[in-house]
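Colleague: Need a 3D model of the following:
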Amino acid sequence: MRNLTLSKMIDIPPVWLLGMCSLAWFQSRHFDYGLSIDGAFTDLLSGLLIGAGLILMLLAVSEMRKQRTTVIPHLEAQKLVSTGIFKRSRNPIYLGDVLLLSGLILRWDAVLALPLIPVFFSILERRFIIPEENRLRVAFRMEFAKYCQRVRRWV
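Modeller: Model prediction:
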């Protein structure tokens, strides 16, 4: 991990995801206040969200490895990846993170943790997506502009 300070090495989406998941789990175990949305439908939905999130992340990491570019947000990309799952979303890993968090919140029946989803979404966008897109815009200029016209940020 060249050119990364310790603070940037720990300021990565998986650490934020782990933090949000920890808060949701803690809330579900210690502060449920009798609130519940548990049921067959939420069990199914949570499984689908968790599975979809993991699949998105695996497809994206696989495609980035195939293209020989970094998956670490603070490093400069060697190549603009617009193939595979990146034809559908400019940020499939972040989308997978949000789906995984949503699925775990439902799985743990952490009703009061539901607001963590838009908070996490906002953190990802402000701390990672916008700075990454700015670096890609500078590095790949016209190619990135065309990519942004073809592919949405999220879905």
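
Colleague: List the residue ranges of the protein that fall below the pLDDT cut-off.
Modeller: Low-confidence segments of the chain (pLDDT under 70): 1-4, 6.

Colleague: just checking, what's the longest helix in it?
Modeller: Criterion DSSP state H: the longest helix present in the chain is helix 40-66.

Colleague: That one: which residues count as buried?
Modeller: 42, 45-46, 49-50, 52-53, 56-57, 59-60, 63-64 (16 or more other Cβ atoms under 10 Å). Using the backbone N, CA and C atoms, a C-beta is placed for each residue, glycine as well.

Colleague: Equivalent analysis for stretch 72-81, please.
Modeller: Within stretch 72-81, the residues that count as buried by 16+ other Cβ under 10 Å are P73, H74, L75, A77, L80, V81.

Colleague: what's it in contact with?
Modeller: Outside stretch 72-81, the residues that touch it by Cβ atoms under 8 Å, 6 or more residues apart in numbering are 1-4, 8, 11-13, 63-64, 67-70, 128, 131-132, 135-136, 139-140, 143-144, 147.
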